[in-house]
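Peer 1: 3D, please:
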Amino acid sequence: MIKKYIEFMKEAKEKTGNLYKYGCVMIEVPVSNWDEITSWIDPNDIYDGGDSTHGIQKNPHVTILYGLHDDVTEDMVKSVFEKFDEDIHIEVDGVGIFENKDFDVVKFNVNPDGALQHLFDELSKFPNSNEYPEYKPHITLCYIKKGLGNKYVKPDYKYTVNNVNKVCYSMANGKKIYFEI
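Peer 2: As a prediction, the model looks like this:
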């Protein structure tokens, strides 16, 4: 999955000159001890990819949907959240990895509770090129050199952030719109 995403992003940059070909809606997750958590990562294990999109992540978030077309407006995205009246709780259920040809991704596994799944389903009604119909929310911690990710797996790690309410719509043109729900 990550391999396809990286290839997709490289192709988008080549075709458009922008890093993003599509828009993305994310829930910002205020992890108060993010620096402490990411300090678990051995600096010698970090895969930097030669660009700013790899390494240790600086902005913890859960992606709701990547792949929104450029005709999906700010108002369209906001309309989904205006109708939304649930609380969002981010429940981390272990540290896992995605393996890729070039690197491993260390991530928090996030339970796809009803609120996150509902938002994914609603945003998926807009024009998009999402290739992953099954929603698997996560919070990326870091990109690690290939084969080293397993040493960071912690299936028993639990963490909860309640009442998350900050949303970012990162448009394909690079403009970021933040709003609260």
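Peer 1: which residues touch the nearest residue to residue 130 once chain neighbours are set aside?
Peer 2: With Cβ to Cβ, 6 or more residues apart in numbering as the criterion, residue 130 has its nearest non-adjacent residue at 3.9 Å, and that residue is residue 67. (Each C-beta comes from the backbone N, C-alpha and C, glycine too.) With contact taken as Cβ atoms under 8 Å, 6 or more residues apart in numbering, residue 67 is in contact with 22, 23, 24, 128, 129, 130, 131.
Peer 1: How about the contacts made by the second one?
Peer 2: For residue 23, the contacting residues are 66, 67, 68, 69, 70, 72, 169, 170, 171, 172, by Cβ under 8 Å, 6+ apart.
Peer 1: Using JSON lines, lay out the contacts of residue 67 together with pLDDT.
Peer 2: JSON lines is the format used below for the contacts of residue 67 (pLDDT from 0 to 100):
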{"residue": "22", "pLDDT": "95"}
{"residue": "23", "pLDDT": "97"}
{"residue": "24", "pLDDT": "96"}
{"residue": "128", "pLDDT": "96"}
{"residue": "129", "pLDDT": "96"}
{"residue": "130", "pLDDT": "93"}
{"residue": "131", "pLDDT": "89"}
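Peer 1: wait, which of the residues you listed is closest to residue 43?
Peer 2: Residue 43 lies nearest to residue 24 out of the contacts of residue 67, by Cβ to Cβ, at 28.0 Å.
Peer 1: Might one say that that closest one is in contact with residue 70?
Peer 2: No. Under the criterion of Cβ atoms under 8 Å, residue 24 is not in contact with residue 70, lying 12.0 Å apart.
Peer 1: These two: which is more packed in?
Peer 2: Set residue 24 next to residue 70 and count neighbours by other Cβ atoms under 10 Å: residue 24 wins out with 19 against 14.
Peer 1: show me what contacts the spatially most central residue of the chain?
Peer 2: The structure's the chain has its C-alpha centroid closest to residue 63; by Cα atoms, centre = their mean the separation is 3.6 Å. Residue 63 sits next to 24, 25, 26, 137 when contact means Cβ under 8 Å, 6+ apart.
Peer 1: same deal with residue 25?
Peer 2: 63, 64, 65, 68, 77, 119, 123, 167, 168, 169, 170.
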